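Student: mind folding the following:
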Amino acid sequence: MMKKLLLISAFALTFVFPCRGYTVQPGETQAAIAVLNNYEKYREPVIKDRFFKHSDIMPLIKKHAGSGVFRHEAIGTSAQGRSINHLILGTGKTKVLLWSQMHGDESTATMALFDLFNFFAANDEHNELRKYLLDNLELHFVPMLNPDGAQVWKRRNALDIDVNRDARAQVTPEGRILLKLAQELKPDFGFNLHDQSMYYNAGPTDKTATISFLAPAFNYEKDMNDVRKRAMQVIVGMNSLLQKHIPGRVAKYNDDFEPRAFGDNIQRLGVSTILIESGGYPGDPEKQYIRKMNFYALLNAFEAIADRSYASEDIRAYEEIPQNHRSLYDLVIRNVETEIGGQTIRTNLCINRAQLKSADFRSVSYRGGIEEVGDLELVFGY
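Tutor: Numbers count the residues shown, from 1 in each chain. Below you'll find the model as predicted:
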C-alpha cells in the first residue's frame, strides 16, 4: 500500500498550476506600473533557474561595471578565493545596502538584483523615475555573498559555517567582509535577502508564505526605537503592494533576538534593517514568479525611501501581518485505508519531496516520502 501511495504522490506532484497575472490596481506607484508593463524587458536572460554559480554572474557584473552607470569594487574573497562584489548606484544622501545569498542555496533575491541592475542600466520611458531614485539614494549591492556555498548548492560556506550566525564571532571571511562594509558605509537602510522553506504558510491557512518579512529586534527585550520603526514602516508599504498580487501570501518571522545573526546586529548598528524571505508559490518550483515579486517589492521600497512616503505608514499594520506557520506539505491524502502491523486503519498521510542534487550541482531531482501519519486537521497540501 505504501509503495502505491508514493506512486500516486509522484504523479500528483507533476501538475503545474498557473501563476497569478498582473492587473493594474488603483494607487500603485510609477515603479509598480513599470513592473507591471515592462518586467520581462529587465529580466536577466542569462539566469534562467536557481542553480547559477559565481562563474555565471561574473560576466554580468563585469558588463554592468563597464557600463558607466555603476561603480564597482571587489571587496574581498570567499574562503575558497572567489570574489565578493560590491556595486554602487546613485549619488543621493540616503544610503541603502542590500546583500543576498549569504546562504549559498538561497538564490531568489540574487536573480531579482540582476533584474534590478538591468532596470537601472536601461534607457526608456522610465528615465524620470530612475533619475529621481538615483538623485535621492545611494544604492549598495552585494549579490552572492557566499559564492562557495552556491558552487555546491548548500546553505553554509566552504568552512561549513552558517554565515548568518557569524556576525559576532567573525570566523568566516564572508561575514567579516559584510560587517566591515556595513560599518564603513553606515547605511540608513539595509535589506537582508534570503529564501525560506516552501513549507511555510501565512498564518494557520492553506496559503503559502510566498514572501515573509521581519524588522529584526536589536536586543532580547525587543525594544522599539526609530531605527526599527522605520524598517517596519517600509515593510508595511511593501506588504500593502504585494497583497494586490499575492493576496494572503505574505507573512512575518518571529522577532526573537538572535545575537549571532547579521540582521539583528546590523539593526543594532543603527541601520533600519529589513529581512525578506522568499518562500513558495504554487506552480513556481524555480521561483521565477517570486523573483518577479522581489523585483517589484524592492523597486517600490526604493521609491518609498526616496520620497519618505514610508514615514506615513502605521506600524500597527506590521503587527497585523500573520506569523510564519509551518503546516504545509507537498501532498496531503485524507481518509486513507491502510494496513500497519496487521491492523487495518483509516488515517491521513502527508508526503514531502526531498531534493537530490545533481553531480554538477546545477539541478535537483525529487524523491517523495511519507512525513506524517495521523490526525492532520490543521495541515494543508500544495
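
Student: what about Val336, which SS state?
Tutor: strand (DSSP: H, G, I helix; E, B strand; the rest coil).

Student: likewise for Ser240?
Tutor: Three-state call for Ser240 (three-state DSSP): helix.

Student: show the pLDDT at it.
Tutor: According to the prediction, Ser240 has pLDDT 95.

Student: number of residues surrounding it?
Tutor: 15 (other CB atoms under 10 Å). All C-beta atoms are positioned from the backbone trio N, CA, C, and that covers glycine.

Student: name the nearest residue to it, ignoring sequence neighbours.
Tutor: Ala317 (7.6 Å; CB to CB, 6 or more residues apart in numbering).

Student: separation between the one you found and Asn239?
Tutor: 7 Å (CB to CB, to the nearest Å).

Student: hang on, the earlier thing: need the residues that contact the helix or strand hosting the residue nearest to Ser240.
Tutor: Take DSSP states H and E as the rule and Ala317 turns out to sit in helix 316-319. By CB atoms under 8 Å, 6 or more residues apart in numbering, the residues outside helix 316-319 that reach it are 215, 232-233, 235-236, 239-240, 252.

Student: look at Ala317 and Asn239 and report which has more neighbours.
Tutor: More crowded of Ala317 and Asn239, by other CB under 10 Å: Asn239, with 20 against 15.

Student: quick one, what contacts the more buried one?
Tutor: 213, 250, 317-318, 321.

Student: any chance of those in JSON lines with pLDDT and distance to Lys131 as columns?
Tutor: Below are the contacts of Asn239 laid out as JSON lines (pLDDT from 0 to 100; distance: CB to CB, whole Å):
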{"residue": "Phe213", "pLDDT": "98", "distance to Lys131": "29"}
{"residue": "Val250", "pLDDT": "98", "distance to Lys131": "30"}
{"residue": "Ala317", "pLDDT": "98", "distance to Lys131": "31"}
{"residue": "Tyr318", "pLDDT": "98", "distance to Lys131": "31"}
{"residue": "Ile321", "pLDDT": "98", "distance to Lys131": "33"}
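
Student: make CSV from the residues you listed and add distance to Asp223 to it.
Tutor: Output for the contacts of Asn239, formatted as CSV (distance: CB to CB, whole Å):
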residue, distance to Asp223
Phe213, 19
Val250, 25
Ala317, 20
Tyr318, 15
Ile321, 20
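
Student: only the buried subset of those residues, as a PyMOL command please.
Tutor: Under the burial definition 16 or more other CB atoms under 10 Å, those of those that qualify are selected in PyMOL by:
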select buried, resi 213+250+318+321
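
Student: secondary structure element holding Asn352?
Tutor: strand 343-357.

Student: how about Glu339?
Tutor: strand 331-340.

Student: so what does that strand touch, helix or strand wise?
Tutor: Counting contacts by 3 or more CB pairs under 8 Å, 6 or more residues apart in numbering; DSSP states H and E, strand 331-340 is packed against helix 2-12, strand 343-357, strand 380-381.

Student: tell me if I'm right that Leu97 and Asn192 touch.
Tutor: No - here Leu97 does not reach Asn192: they are 9.4 Å apart, not a contact under CB atoms under 8 Å.

Student: need the contact list for Arg230.
Tutor: Arg230 neighbours (CB under 8 Å, 6+ apart): 189, 272, 310-311.

Student: in helices, which of the contacts of helix 316-319 fall?
Tutor: 232-233, 235-236, 239-240 (DSSP state H).

Student: closest one of those residues to Lys63?
Tutor: Ile235 (32.3 Å; CB to CB).

Student: what bridges to the closest residue to the closest one other than its chain neighbours?
Tutor: Closest residue to Ile235 apart from its sequence neighbours, by CB to CB, 6+ apart: Phe213 at 4.5 Å. Per DSSP bridges, the residues bridged to Phe213 are Lys252, Ile276.

Student: roughly how far apart are Phe213 and Tyr281?
Tutor: Phe213 is 16 Å from Tyr281, by CB to CB.

Student: partner strands of the strand holding Asn352 and their direction?
Tutor: The strands beside strand 343-357 in its sheet (DSSP bridges) come out as strand 331-340 (antiparallel), strand 364-373 (antiparallel).

Student: what's in contact with it?
Tutor: 5-6, 9, 13, 152-153, 199, 329-339, 363-376, 379, 381.
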